[in-house]
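Novice: The amino acid sequence is not available; the structure is as follows:
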């Protein structure tokens, strides 16, 4: 075997897999950006809550999929709380960026509650679809089925969300609110409920992303998730805020580049390169690869 090629293949696969999860986080951030022009920087804690709930319930004898549904239900409720308690009051002050601090604070609060309830030690996360030892052969190279499943679930979820946005009433309502919330309210759209729905969708996506990453890593702790939401933010900006296709391309690109840098240069620079790419993209194309320049109303 050609060991350098094997190593490169493993880095590309790992990067695409992890990058697809970054893309999922980015799409979740896009949901709230569409409706309120805000981002929930507490999403990392939301990922952790869903994953840790799933792990705790499964360890106590619950059915694994029932545990996952409970975790998703909890983070959906957290999405409502974030919108009502952390974002809506901050937006009442015109031009205020208080939502940045309030969403970060909300995330830190969730981390503290999780640490108090479950301790700060890492917990084992159960194997859901495949075991870590399950592999398949692709072009003569071994491919972990866990990695393949994570990539497939992430890409399928993003594809389904794109269909949701284009083919359903909720998707049309979100696009209308994104275009002009005031006009939508005049035309009878329940703008406040649509905004709340976008935060629920964002939190559910974050919960799914958290479970997928925990599946790869094998453990979960209260500090889990903060770095992920930052990398998801990088993916969203690189791809273009508001673009699902951009989020997918940006996430996979950031994931692959990070793994290549970590594998060939230094793991210490693995995530730093993502922020270097962010700075470069903002300098050369501020709207991102697939985004459009934003036009604000006078």
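Specialist: Looks like it arrived, so ask away. Note that the structure is predicted; figures quoted are calculated from it, not measured. Numbers count the residues shown, from 1 in each chain.
Novice: Just want the phi and psi numbers for residue 123.
Specialist: Per-residue torsions, residue 123: phi -110, psi 150 (degrees, to the nearest 10).
Novice: Residues in contact with stretch 153-164: which ones?
Specialist: Contact partners of stretch 153-164, identified using C-beta atoms under 8 Å, 6 or more residues apart in numbering, comprise 20-21, 23-24, 27, 170-171, 201, 205, 208-209, 212, 244-245, 247-248. To be clear about C-beta, it is placed using only N, CA and C from the backbone, and glycine gets the same treatment.
Novice: mind redoing it with 10 Å?
Specialist: Residues from elsewhere that reach stretch 153-164 (C-beta atoms under 10 Å, 6 or more residues apart in numbering): 16-28, 30-31, 128-129, 170-171, 174, 201, 204-205, 208-209, 211-212, 215, 244-245, 247-248, 251-252.
Novice: and these, which are buried?
Specialist: Using 16 or more other C-beta atoms under 10 Å as the burial test, the contacts of stretch 153-164 include 16-28, 30-31, 128, 174, 201, 204-205, 208-209, 211-212, 215, 244, 247-248, 251-252 as buried.
Novice: So which of these belong to helices?
Specialist: Counting by DSSP state H, the buried ones among the contacts of stretch 153-164 place 16-28, 30-31, 174, 201, 204-205, 208-209, 211-212, 215, 244, 247-248, 251-252 in helices.
Novice: distance of the residue nearest to residue 149 when sequence neighbours are not counted from residue 138?
Specialist: Nearest residue to residue 149 in three dimensions, chain neighbours excluded: residue 129, at 4.6 Å (C-beta to C-beta, 6 or more residues apart in numbering). Distance of residue 129 to residue 138, given as C-beta to C-beta, to the nearest Å: 17 Å.
Novice: what ranges do the helices span in the stretch 101-250 of the chain?
Specialist: Counting by DSSP state H, counting those that start in this stretch, the stretch 101-250 of the chain has helices at residues 145-167, 169-179, 181-186, 191-217, 226-239, 244-264.
Novice: What residues of stretch 233-250 count as buried?
Specialist: Result for stretch 233-250 [16+ other C-beta under 10 Å]: buried residues 233-244, 246-250.
Novice: now stretch 131-144
Specialist: Under the neighbour-count criterion of 16+ other C-beta under 10 Å, stretch 131-144 has 135, 141, 143-144 buried.
Novice: try stretch 85-96
Specialist: By neighbour count on 16+ other C-beta under 10 Å, the buried set for stretch 85-96 is 86-88, 90-91.
Novice: any idea which of the buried residues of stretch 131-144 is closest to residue 106?
Specialist: Distances from residue 106 to those, taken as C-beta to C-beta, are shortest for residue 144 (34.8 Å).
Novice: by how many degrees do the strand or helix carrying residue 74 and helix 191-217 diverge?
Specialist: Element membership for residue 74, per DSSP states H and E: helix 64-81. Angular relation of helix 64-81 and helix 191-217 on a 0 to 180 degree scale: 140 degrees, by axes from the mean of the first three to the mean of the last three C-alpha atoms, to 10 degrees.
Novice: Residue 32: what's it in contact with?
Specialist: Going by C-beta under 10 Å, 6+ apart, the list of residues near residue 32 reads 38-40, 43, 79, 82-83, 87, 99, 103, 195, 198-199, 201-203.
Novice: and what of residue 81?
Specialist: Applying C-beta under 10 Å, 6+ apart to residue 81 gives the contacts 106, 110, 199, 203.
Novice: From residue 245, how far out is it?
Specialist: Note on residue 81: its distance to residue 245, by C-beta to C-beta, is 31 Å.
Novice: for residue 126, same thing?
Specialist: 33 Å.
Novice: Check residue 177 too.
Specialist: From residue 177 over to residue 245 (counting by C-beta to C-beta), the distance is 21 Å.
Novice: again, but for residue 252
Specialist: Relative to residue 245, residue 252 is positioned 11 Å away (C-beta to C-beta).
Novice: just residue 24 next, same as before
Specialist: 13 Å.
Novice: Ok, residue 4 next?
Specialist: On the measure of C-beta to C-beta, residue 4 and residue 245 end up 33 Å apart.
Novice: thought residue 151 was touching residue 256?
Specialist: No. The pair residue 151 / residue 256 is not scored as a contact, 11.9 Å apart, by C-beta atoms under 10 Å.
Novice: can you list residues touching both of these two?
Specialist: Contact with both residue 151 and residue 256 is made by residues 13, 16-19, according to C-beta under 10 Å, 6+ apart.
Novice: Lowest-confidence one in those residues?
Specialist: Among these, residue 13 carries the weakest pLDDT, at 86.
Novice: re the thing from before, would CSV of the shared contacts of residue 151 and residue 256 with distance to residue 155 be doable?
Specialist: CSV is the format used below for the shared contacts of residue 151 and residue 256 (distance: C-beta to C-beta, whole Å):
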residue, distance to residue 155
13, 14
16, 10
17, 10
18, 13
19, 11
